[in-house]
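K.L.:
Build me a model:
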Amino acid sequence: MNIDDEATAHGQPEARGSGPLRVVLVDDQALVRAGFAMVIDSQPDLTVVGQAGDGAAGLDIVSRDEPDVVLMDVRMPRVDGIETTQRILALADAGTIRPPKIIVLTTFDDDDYALRALQAGASGFLLKDTLPEVLLESIRTVVDGGAVIAPTTTKRLLETRLIPRLNAESPSPSDPQPAVPSAGAPLTGGGAAAHPEGADATGQAGASRLDAADVRRLESLTQRETEVLVLIATGLSNTEIGERLYLAQPTVKTYVGRILMKLEARDRVQAVVFAYEAGLVGPGH
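P.N.:
Numbers count the residues shown, from 1 in each chain. All right, here's what the predicted structure looks like:
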């Protein structure tokens, strides 16, 4: 389930002190919180530092205690988990708090919940019936800069939820299009972009929905970085990317870290969303 670890959006893991990873639980069911706390506190490298029964209280605790990881329920009174995730990461983006990693948990195996959580900036999406060992490993993975949703699952979510929405929002042929280079056209800044796997004869896998700032981020990628981004978006792991491009694993991880930094993406999942919105890949690839 775990995606390969990478650097954070700034190229390096977030600075944190020594000692156990600090976890906050936000769930409106006290019994669920107690169960998670028991599992987490059984580990010498993890500790629960706070609990909240709704999103508003969770926001207060996260702001005060600045944990490493937040386990966030979706459905809660007052403020739900998606909005709370957005508010927490907005504070982090403003420099008010140290950015935590957020794993959204739910009893509902619903693609819409998952996609909304990932678009809000969560580093993972898990069901509450996840095995204890998977939950524990997921906490460690997101702190290391990874995500805890499989690339194939991400691809399914994007193709069944994001792509139809983007297609519905597509401008008509008569509308002006943003000046976004096609996937096979030369890019300024880092070099020439690759002709990515899945692109059509014109070098375009799909229409782009990038704004001017995102266009500049796309143009900053080198040819090899664009190739790696496309392979990430088509569901390949770091190992598979290395085999496809004949690259060593440390080299692949370096490329992934650079891509996240240049795209200002929090993790691999957001990079996949960017690739779809840029038209580098499309449904069926």
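K.L.:
And the strand or helix carrying Ile241, what does it pack against?
P.N.:
With elements taken from DSSP states H and E, the one containing Ile241 is helix 238-245. Based on contacts counted as 3 or more CB pairs under 8 Å, 6 or more residues apart in numbering; DSSP states H and E, the elements that helix 238-245 packs against are helix 223-233, helix 249-263. In short, each C-beta sits where N, CA and C put it, glycine included.
K.L.:
how about low-confidence regions in the chain?
P.N.:
Per-residue confidence of the chain (counting by pLDDT under 70) places the weak regions at 1-17, 109-111, 150-209, 282-285.
K.L.:
Leu231 is in contact with Leu280, correct?
P.N.:
No: Leu280 is beyond contact range of Leu231, at 10.3 Å (criterion: CB atoms under 8 Å).
K.L.:
sorry, back to before: for the helices and strands packed on helix 238-245, give me a markdown table that also has distance to Val142.
P.N.:
Formatted as a markdown table, those follow (distance: least, CB to CB, whole Å):
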| stretch | distance to Val142 |
| --- | --- |
| helix 223-233 | 17 |
| helix 249-263 | 14 |
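K.L.:
quick one on the thing from earlier: report the buried residues of the helix holding Ile241.
P.N.:
Buried residues in helix 238-245, counting neighbours by 16 or more other CB atoms under 10 Å, are found at Asn238, Glu240, Ile241, Gly242, Leu245.
K.L.:
In PDB, list the C-alpha atoms belonging to it.
P.N.:
The C-alpha trace of helix 238-245 is given here as PDB (Å, rounded to 0.1, in the frame of the first residue of the first chain):
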ATOM      1  CA  ASN A 238      10.100   4.000  -8.000                       C
ATOM      2  CA  THR A 239      11.400   0.500  -8.600                       C
ATOM      3  CA  GLU A 240       9.400   0.300 -11.900                       C
ATOM      4  CA  ILE A 241      10.500   3.700 -13.000                       C
ATOM      5  CA  GLY A 242      14.100   2.700 -12.400                       C
ATOM      6  CA  GLU A 243      13.600  -0.400 -14.500                       C
ATOM      7  CA  ARG A 244      11.800   1.500 -17.300                       C
ATOM      8  CA  LEU A 245      14.400   4.300 -17.500                       C
END
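K.L.:
Next, the angle from it to helix 223-233.
P.N.:
Orientation check (axes from the mean of the first three to the mean of the last three CA atoms, to 10 degrees): helix 238-245 against helix 223-233 gives 130 degrees.
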